[in-house]
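A.B. asks: pasting the sequence and the predicted model now:
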Amino acid sequence: MGLTALPRSPFWVNDNGTGFSTLYTGAGQRTPLFVTIPPAPGSPAGTLGTPTGTVGNISPNATDFTVTENGKSNRALFIFATLDGTISGWNPEVDGIDPTTGATHTTLASDRSNVGAVYTGLAIATNKEGQTFLYAADDGPNRRIDIFYDTFSLVKSFGDPAIPRGFSPCSFR
């Protein structure tokens, strides 16, 4: 389960296997915003997303981690990883919010399902040169960390060949 909160933001809790991220106030009350995280492209009809890791976009650069859908683009405010091997971002100006139901969805930003990625955790960090990178723990057969540029394109992957069989990265500190 992923959990993220930024200043002046509710807690975003990923509900793995439901396809949703639910938002809660600091008092534990559910907010009326319901965010759908879709499954990997090509999944059978009715397949639910499997959100795991989530981070708030803390990049100091206003255009980092931009999502685009239906001709609308903006910086993802929150970023999500799934067991399906996808990474998606959410911005209300891109994804919209149904005023009646509070329903919204994320926009797919990277799909690594074709290489068997199984993302279980995310981290985001800015280096001293001001570049921000996204790190995704791949707990699948790849057993590695995938690093993404601020455009959601893969920089590189790394793993530790010395970790025992059956162990793999699953989260970050």
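C.D. replies: Everything's here; your move.

A.B. asks: quick check: neighbours of the host helix or strand of residue 110 in the sheet, parallel or antiparallel?
C.D. replies: Here residue 110, judged by DSSP states H and E, is contained in strand 107-111. Strand 107-111 pairs in its sheet with strand 86-90 (antiparallel), by DSSP bridges.

A.B. asks: and the strand it pairs with, which residues are buried?
C.D. replies: Residues of strand 86-90 classed as buried: 86, 87, 88, 89, 90 (neighbour count, 16 or more other C-beta atoms under 10 Å). No exception for glycine: its C-beta is placed from N, CA and C like everyone else's.

A.B. asks: give me the nearest residue to the third one, chain neighbours excluded.
C.D. replies: What it means is residue 88. Excluding its sequence neighbours, the residue lying closest to residue 88 (C-beta to C-beta, 6 or more residues apart in numbering) is residue 106, at 3.8 Å.

A.B. asks: let me know how buried the one you found is, in neighbour terms.
C.D. replies: Residue 106: 27 surrounding residues under other C-beta atoms under 10 Å.

A.B. asks: next one: residue 49
C.D. replies: 27.

A.B. asks: try residue 100
C.D. replies: Residue 100 has 6 nearby residues by other C-beta under 10 Å.

A.B. asks: spit out the contact partners of the residue nearest the centre of the chain.
C.D. replies: By C-alpha atoms, centre = their mean, the chain has its centre lying nearest to residue 80, at 1.3 Å. For residue 80, the contacting residues are 2, 14, 21, 37, 51, 53-54, 87-90, 106, 122, by C-beta atoms under 8 Å, 6 or more residues apart in numbering.

A.B. asks: parallel or antiparallel, list what pairs with the one helix or strand it maps to.
C.D. replies: Assigned by DSSP H and E, residue 80 belongs to strand 78-82. Using DSSP bridges, the strands paired with strand 78-82 are strand 51-56 (antiparallel), strand 86-90 (antiparallel).

A.B. asks: if we can go back for a sec, which residues does the residue nearest to the centre of the chain bridge with?
C.D. replies: According to DSSP bridges, beta-bridge pairing links residue 80 with residue 54, residue 88.

A.B. asks: local confidence estimate at it?
C.D. replies: Looking at residue 80, its pLDDT reads 96.

A.B. asks: quick revisit: going by mean pLDDT, which of the strands paired with strand 78-82 comes out lowest?
C.D. replies: Looking at the strands paired with strand 78-82, the bottom one is strand 51-56 with a mean of 94.

A.B. asks: what about residue 47, how many residues nearby?
C.D. replies: That count, for residue 47 with other C-beta under 10 Å as the rule, works out to 13.

A.B. asks: helix, strand or coil: sort out residue 145 for me.
C.D. replies: strand (DSSP: H, G, I helix; E, B strand; the rest coil).
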